[in-house]
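Student: got a structure for you, letters missing:
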């Protein structure tokens, strides 16, 4: 029995010998990207907070950005798109204290033409022409990691991004966090866009942006899709903008009542208790306007045109 046991041990050792020299498991491309990105965030944030961010640190950031962009290009293998400039990394900053921190990891293609038909980008002097459209592409794994990192991104009491890809792409707060950190993206109406056969999920909507009040007209479309392990988010300006004058009139009526209530309080015609009982007319104005717009916008010719433009943008985004 002892001989058999030794023989078994010997044979087992021979069989396991190749594994002792086997290469370690390969690091996934997404994991390698995240490691480099997080190291850059840690380094830059420490330098900024210590007041030591100088030209040398800026050059180091540029080098890292170039490395991350190259990794992302290799990961995604996305072809060029006619009418769009070569892709750049969709990260605004590596410093945690910046407003633009935490945008969606991916490649961004910017249209070569801006609103009004001018060449997009920086022109003479300080003039900058915003590209008419943008396409952002990432992997499902990177998208899922981004969602987890933003699970509690906003302060308590504010709704944060859902943790499922489809639900996240329907949540207007996702677009504010992922691509538009300097202004809030407002979803006015979903658009009736048919899901392409290659897509597991598609969603489009009419949008406006604001830093205070909801705008009276809607001048952008957003469309997103989940296709073959990738997530595509495209957005662009539309002309003509979608307007519903009747809804603007509804809001104006509430705002007039708000001004009248403010005047009565200021001139002591009513006390604070009576004023508070009137309710927040300005919030009521915003709510009533959006309800009205959601109901009536689909009846506008400009809504049909916006839907066509969103569909065309989706086709370019996913390469149809």
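Tutor: Sure, I can see it. Computed from a predicted model, the values in this text were never measured in an experiment.
Student: Tell me the confidence at the residue most central in space within the chain?
Tutor: The C-alpha lying nearest the average C-alpha coordinate of the chain belongs to residue 178 (C-alpha atoms, centre = their mean; 2.8 Å). At residue 178 the predicted local confidence, pLDDT, stands at 93.
Student: in what helix or strand does the closest residue in space to residue 247 that isn't next to it in sequence lie?
Tutor: Using C-beta to C-beta, 6 or more residues apart in numbering and skipping the chain neighbours, the partner closest in space to residue 247 is residue 292 (3.7 Å). No exception for glycine: its C-beta is placed from N, CA and C like everyone else's. Assigned by DSSP states H and E, residue 292 falls within helix 281-296.
Student: who's in contact with the residue nearest to the centre of the chain?
Tutor: Going by C-beta atoms under 8 Å, 6 or more residues apart in numbering, residue 178 touches 103, 104, 136, 146, 233.
Student: Where helices are concerned, which of the residues you listed count?
Tutor: For these, membership in helices holds for residue 146, with DSSP state H as the criterion.
Student: Please convert the contacts of residue 178 to TSV, extending it with distance to residue 192.
Tutor: Converted to TSV, the contacts of residue 178 look like this (distance: C-beta to C-beta, whole Å):
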residue	distance to residue 192
103	29
104	26
136	23
146	28
233	19
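Student: still on that earlier bit, now the residue nearest to the centre of the chain: how far from residue 201?
Tutor: Spatial separation of residue 178 from residue 201 under the definition C-beta to C-beta, to the nearest Å is 16 Å.
Student: Equivalent analysis for residue 95, please.
Tutor: 33 Å.
Student: More neighbours: those two, which one.
Tutor: Of the pair residue 95 and residue 201, residue 95 is the one with more neighbours under other C-beta atoms under 10 Å, namely 19 against 16.
Student: Surely the more buried one and residue 48 touch.
Tutor: Yes: in terms of C-beta atoms under 8 Å, residue 95 counts as a neighbour of residue 48; the distance is 4.8 Å.
Student: Okay, helices next: where are they in the stretch 201-320 of the chain?
Tutor: Under the criterion DSSP state H, counting those that start in this stretch, the stretch 201-320 of the chain carries helices at the ranges 245-266, 272-277, 281-296, 301-318.
Student: Run through who's touching the first one.
Tutor: Translated: helix 245-266. Outside helix 245-266, the residues that reach it (C-beta under 8 Å, 6+ apart) are 216, 269-272, 275, 278, 281-282, 284-286, 288-289, 292-293, 296.
Student: which of those count as buried?
Tutor: When burial is judged by neighbour count using 16 or more other C-beta atoms under 10 Å, the buried members of these are 216, 270, 281, 282, 284, 285, 286, 288, 289, 292, 293.
Student: Mind putting these into JSON lines with distance to residue 320 and pLDDT?
Tutor: Conversion of the buried ones among the contacts of helix 245-266 to JSON lines gives the following (distance: C-beta to C-beta, whole Å; pLDDT from 0 to 100):
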{"residue": "216", "distance to residue 320": "34", "pLDDT": "86"}
{"residue": "270", "distance to residue 320": "61", "pLDDT": "85"}
{"residue": "281", "distance to residue 320": "47", "pLDDT": "81"}
{"residue": "282", "distance to residue 320": "44", "pLDDT": "84"}
{"residue": "284", "distance to residue 320": "43", "pLDDT": "88"}
{"residue": "285", "distance to residue 320": "41", "pLDDT": "88"}
{"residue": "286", "distance to residue 320": "37", "pLDDT": "87"}
{"residue": "288", "distance to residue 320": "39", "pLDDT": "91"}
{"residue": "289", "distance to residue 320": "36", "pLDDT": "90"}
{"residue": "292", "distance to residue 320": "35", "pLDDT": "93"}
{"residue": "293", "distance to residue 320": "30", "pLDDT": "92"}
